[in-house]
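Student: Sharing a sequence plus its predicted fold:
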Amino acid sequence: MDLLIAKRALGLFSIGLGVIAVASPKRVSKFFGLDFEDEAMSAFGAREIASGAGLLSPVRPGPWFWMRVGGDVMDMTALARAVDRTNPRRNYAFAALAVVAGIAILDLVMAAQATLSRRDNEEAAA
């Protein structure tokens, strides 16, 4: 996948998710059956906004893709807690966990490409 296209698409996606989590942390937590403080969910959203803004800025995307990989690990850890049999929203949490795992693979591939190909990383800084 072209690094510049991935950078822009994942940047917009991150900002969208982040805004939702910051604007309505209680609803997001409730939807997945997470027992999170509003501040914790807002922090997850702020992290998404920061990584999205970094990807959309005119700098090399490598570090920002790695930030997304770290965020994916945090998200999967939180969602893994919500897959508990006692969670009535377990199916939603499980589906979200599967989606985040897929996105994590994409983020990891993009981060590795940006790290290993200095030229691609420089060209994507547009």
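Tutor: Alright, I've got the coordinates.
Student: Distance check, Arg90 against Leu97.
Tutor: Between Arg90 and Leu97 the distance, using Cβ to Cβ, to the nearest Å, works out to 10 Å. Using the backbone N, CA and C atoms, a C-beta is placed for each residue, glycine as well.
Student: Pull up the overlap in contacts between the two.
Tutor: 82-83 (Cβ atoms under 8 Å, 6 or more residues apart in numbering).
Student: So for the two, which residue has more residues nearby?
Tutor: Residue environment comparison for Arg90 versus Leu97 gives the larger neighbour count to Leu97, 19 against 15, counting by other Cβ atoms under 10 Å.
Student: I'd assumed Met76 was in contact with the more buried one.
Tutor: Yes. Under the criterion of Cβ atoms under 8 Å, Leu97 lies in contact with Met76, with a separation of 6.2 Å.
Student: In the protein, which residue sits furthest out from the middle?
Tutor: The C-alpha centroid of the chain is most remote from Thr86, which lies 26.0 Å away (Cα atoms, centre = their mean).
Student: Could you grab the helix/strand/coil label for it?
Tutor: Taken by DSSP: H, G, I helix; E, B strand; the rest coil, the conformation at Thr86 corresponds to coil.
Student: pLDDT below threshold where in the chain?
Tutor: Counting by pLDDT under 70, the chain contains low-confidence ranges at 1, 120-121, 124, 126.
Student: separation between Val99 and Phe32?
Tutor: Counting by Cβ to Cβ, the gap from Val99 to Phe32 is 12 Å.
Student: Tell me which of those two has more neighbours.
Tutor: Using other Cβ under 10 Å, the more surrounded residue of Val99 and Phe32 is Phe32, with 23 against 12.
Student: hmm, who's touching stretch 88-99?
Tutor: With Cβ under 8 Å, 6+ apart as the criterion, stretch 88-99 contacts 30-34, 76, 79-80, 82-84, 87.
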